[in-house]
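Make a model of this:
(one chain, ligands or ions: 1)
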Amino acid sequence: MAELHVMRDDQRPPGKPVRRHLLSIGDLDRDDVERLLATAQSFGKALEREVKKLPTLRGRTIINLFYESSTRTSSSFELAAKRLSADTMSIKSSGSSVDKGESLKDTALTLSAYDPDVIVIRHPQIGAPQLVTRFTDAHVVNAGDGKHQHPTQALLDLYTMQEELGRLEGLHVAIVGDVLHSRVARSNIQALIMVGASVTLVGPPSLMPRGIEAMGCEVTHDIAAIAHADVVYVLRMQKERMEAGSAFLPSLREYTAMWGVTPERLRPGQKVMHPGPMNRGVEIDARVADSSDSLVERQVRSGLVVRMAVLYDLLTHGPVAIPSAVQEVA
Ligand code: CP
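Numbering: from 1, shown residues only. Down below sits the predicted model:
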């Protein structure tokens with residue numbers, strides 16, 4: 001799919017406030033990432049209390065606009081907004097006026113008439129979140145655009161690794177599978193390298209983007225390489241993004257035999273992650289998915305606090321001192 005043309009935010013008409021968006025991991029530097037992870041940790045502590053609702057974003061409006069299926073991302077953004085006391089609306093393209101042919105521009109203009117503070121958007125087309133920034137005064141968060149970026153997924157993955165392994169600097173992460181179609185892989189490679197981790201991509205040549213090493217990672221087609229990693233990050237086989245008639249793989253059975261993540265291919269104690277939804281028995285063996293070393297459910301829990309941190313950070317315009325942030329939301 002062609003990338004949409006976008007207007008940079010600093011090209012906004014005079015008098016319009018400059019807004020902060022989270023469209024890509026490239027919008028963040030290491031300080032931003034560390035601040036967001038620390039804020040998420042504070043929210044994690046706040047959520048251990050019996051009453052989990054915090055008054056922080058009372059009076060704010062957050063719209064979730066999903067043009068693609070989602071369970072984890074849509075539910076966690078909605079719950080994150082609710083936990084922070086924001087008003088929230090969730091709109092799926094199916095069942096909305098998109099079914100009648102309404103354009104993304106007109107949908108963005110329509111929803112912006114409610115003066116939302118944040119629009120969270122998932123869309124199959126690369127650049128759709130950037131396009132929305134042209135037609136709204138809201139902050140825009142990319143919840144996944146085509147095979148381009150999924151920045152909050154990468155942040156929640158970093159948070160999970162940091163919580164589980166106690167560090168990010170120096171970690172070795174093997175990302176396994178369908179890198180070619182994966183926005184999760186692109187966002188994670190960028191984020192992991194930014195925080196000082198090393199990344200090895202593992203998978204068939206047909207599912208490895210040419211030149212991806214330029215992002216600072218290594219590439220191998222040998223599944224045995226996963227044994228050297230601290231974390232094995234398994235990607236979903238994105239059957240829906242593989243164009244009909246194309247021959248990325250001889251068969252899923254062959255993929256599983258060559259690159260499926262099984263207990264036999266892992267070292268004891270190696271942590272395993274997957275962004276979900278999982279194709280059990282294809283890219284990940286059910287015994288791995290259900291093992292005590294699987295962090296999959298932990299990733300989902302991380303998604304809530306990380307998305308709370310992202311909404312909070314965007315709407316409070318920048319760094320916060322974490323102890324006072326906790327008091328403020330307490
Ligand atoms: N990881 C992820 O984006 O999952 P959903 O498609 O369920 O949101």
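
Let me see the ranges of the helices in the stretch 201-330 of the chain.
252-259, 286-289, 296-315, 322-329 (DSSP state H, counting those that start in this stretch).

and those, which one is worst for confidence?
Within the helices of the stretch 201-330 of the chain, the stretch with the lowest mean pLDDT is helix 322-329, showing a mean of 36.

quick one: contacts for the closest residue in space to H228 that isn't next to it in sequence?
Closest residue in space to H228, ignoring its immediate chain neighbours: H172 at 6.6 Å, by Cβ to Cβ, 6 or more residues apart in numbering. Every residue, glycine included, has its C-beta placed from N, CA and C. Contacts of H172 were listed using Cβ atoms under 8 Å, 6 or more residues apart in numbering, and they are A197, S198, V199, T200, H228, A229, D230, V231.

Against L37, how distant is H172?
As judged by Cβ to Cβ, to the nearest Å, H172 and L37 stand 19 Å apart.

For the helix or strand containing E163, enumerate the helices and strands it packs against.
Taking DSSP states H and E as the definition, E163 sits inside helix 151-165. The contact analysis (3 or more Cβ pairs under 8 Å, 6 or more residues apart in numbering; DSSP states H and E) places helix 151-165 against helix 30-46, strand 139-145, helix 183-194, strand 231-234, strand 271-273, helix 296-315.

Number of residues surrounding the closest residue to the ligand within the stretch 151-300 of the chain?
Going by Cβ to the nearest ligand atom, the ligand is nearest to P275 of the stretch 151-300 of the chain, at 3.7 Å. P275 has 27 neighbouring residues, counting by other Cβ atoms under 10 Å.

With adjacent residues omitted, what lies nearest to it?
V184 (4.7 Å).

on that earlier part again, Throw the helices and strands packed on helix 151-165 into JSON lines and include mean neighbour count and distance to Y114, thanks.
Shown next, in JSON lines, are these (neighbours: other Cβ atoms under 10 Å; distance: least, Cβ to Cβ, whole Å):
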{"stretch": "helix 30-46", "mean neighbour count": "19", "distance to Y114": "26"}
{"stretch": "strand 139-145", "mean neighbour count": "26", "distance to Y114": "14"}
{"stretch": "helix 183-194", "mean neighbour count": "24", "distance to Y114": "28"}
{"stretch": "strand 231-234", "mean neighbour count": "27", "distance to Y114": "38"}
{"stretch": "strand 271-273", "mean neighbour count": "22", "distance to Y114": "37"}
{"stretch": "helix 296-315", "mean neighbour count": "22", "distance to Y114": "16"}
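
In CSV, list the ones you listed along with distance to the ligand.
Putting those into CSV (distance: least, Cβ to the nearest ligand atom, whole Å) gives the following:
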stretch, distance to the ligand
helix 30-46, 17
strand 139-145, 6
helix 183-194, 7
strand 231-234, 12
strand 271-273, 11
helix 296-315, 8
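
got these as JSON lines, with distance to R287 columns?
Output for the helices and strands packed on helix 151-165, formatted as JSON lines (distance: least, Cβ to Cβ, whole Å):
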{"stretch": "helix 30-46", "distance to R287": "29"}
{"stretch": "strand 139-145", "distance to R287": "29"}
{"stretch": "helix 183-194", "distance to R287": "23"}
{"stretch": "strand 231-234", "distance to R287": "13"}
{"stretch": "strand 271-273", "distance to R287": "11"}
{"stretch": "helix 296-315", "distance to R287": "13"}
